[in-house]
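Peer 1: Sequence first, predicted coordinates after that:
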Amino acid sequence: MGDYTNMSGYYDLIMTSGYYDYQKIVDHLLNGHSYSNVLEIGCGTGLILEEIARREPNLSVTGMDLTQAMLDIAQDRLKAQANINLLCANITEFSLSHQFEMAFSYGGVWYFVIDGDKEPFLVSHIRDDGLNRLGLERLAGLLSSGGELLLGVQGPHHDYERPISNGMIYAQKIEPDAHGFLKHYYLRDGETTLMAQSTHYRTYSFAEALAMLGDYGFTYKPEAQTPKQFLRFTKS
Ligand SMILES: C[S@@+](CC[C@H](N)C(=O)[O-])C[C@H]1O[C@@H](n2cnc3c(N)ncnc32)[C@H](O)[C@@H]1O
């Protein structure tokens, strides 16, 4: 479920070749807000955490992820940052003795896709509905009352292949299925396939997502700005 071991060694190369814009992500994440502590769920190799630490060296930040190989890279990247704590866990089994003012996920466990004027839909790395609910229950327990949950927004997924910064070819292919889609990721160097990973995603309509999040105390707070990098929820 959501394991990124196969991709881990090439993740930074692919993501920093234009897949995600980490400057813009952190602009939106921290813009006008001051938090004393934050949690990233599905922090991967720590690219967002690194940018947060650069801007807010005194902010206490925890990153969690279920893929140890991704966290190993994050650990190395963030070894000089005493204010960043990394933990290996599945969100469905995760708990801590303290709570956070803000939790976020960008491309991590849960995110929204917005395709033009269409209604957003929720994408989850967790395939099973009951486990999605368990994960949200765990997440709710990690946020203080009045705390904020920011879930990242991405554009629609589609099939493509394109060269990345070092000339290798990144390709992805989407296969819709009954509850979501299967996404295949590839990295090729000439005739050699360096990396192949296939990940199942569950999807929820916007109404289903708001109802499910609402069951765990998360209320949607619509914001005017476009394009959106995150949708914001507050926890009761
Ligand atoms: C696309 S990466 C995003 C990483 C990072 N947020 C970034 O922007 O570069 C998704 C990450 O979510 C993690 N993940 C998926 N399902 C998870 C779960 N149930 N609990 C914790 N982490 C999970 C994966 O291991 C992977 O590292």
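Peer 2: Structure received. Residues are numbered from 1 along each chain as shown.

Peer 1: and whichever strand or helix holds Tyr10, how far from the chain's centre?
Peer 2: According to DSSP states H and E, Tyr10 maps onto helix 5-14. When C-alpha coordinates are averaged (Cα atoms, centre = their mean, to the nearest Å), helix 5-14 and its chain have centres 15 Å apart.

Peer 1: Please enumerate residues in contact with the helix or strand following that helix?
Peer 2: Going down the chain from helix 5-14, the next helix or strand is helix 22-30, by DSSP H and E. By Cβ atoms under 8 Å, 6 or more residues apart in numbering, the surrounding residues in contact with helix 22-30 are 15-16, 47-48, 51-52, 55-56, 104, 106, 150, 152, 229-230. Heads up, the C-betas are built off the backbone N, CA and C, glycines and all.

Peer 1: Show me how to select, in PyMOL, the buried members of those.
Peer 2: In PyMOL, a selection of the buried entries from these looks like this (16 or more other Cβ atoms under 10 Å):
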select buried, resi 15+47+48+51+52+56+104+106+150+152+229+230
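
Peer 1: what are the phi and psi values for the closest residue in space to Tyr20 that isn't next to it in sequence?
Peer 2: Of all residues not flanking Tyr20 in the chain, Gly107 sits nearest, at 6.7 Å (Cβ to Cβ, 6 or more residues apart in numbering). Main-chain torsions, Gly107, degrees, to the nearest 10: phi 70, psi 0.

Peer 1: how deep is Gly107 tucked in, by neighbour count?
Peer 2: 17 (other Cβ atoms under 10 Å).

Peer 1: measure it to the ligand for me?
Peer 2: From Gly107 across to the ligand, the span is 4 Å (Cβ to the nearest ligand atom, to the nearest Å).

Peer 1: what packs against the helix ranked longest in the chain?
Peer 2: In the chain, assigned by DSSP state H, the helix with the most residues is helix 129-142. When contacts are defined as 3 or more Cβ pairs under 8 Å, 6 or more residues apart in numbering; DSSP states H and E, helix 129-142 sits against strand 100-105, strand 192-204, helix 206-215.

Peer 1: With distance to the ligand and mean pLDDT as extra columns, can I get the ones you listed in TSV?
Peer 2: As requested, the helices and strands packed on helix 129-142 are exported to TSV (distance: least, Cβ to the nearest ligand atom, whole Å; pLDDT from 0 to 100):
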stretch	distance to the ligand	mean pLDDT
strand 100-105	7	98
strand 192-204	8	96
helix 206-215	15	98
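
Peer 1: and these, which is most packed in?
Peer 2: strand 100-105 (a mean of 22; mean count of other Cβ atoms under 10 Å).

Peer 1: Any chance you could list what contacts it?
Peer 2: Against strand 100-105 from outside (Cβ under 8 Å, 6+ apart): 29, 33, 35-42, 62, 111, 139, 142-144, 147-152, 230.
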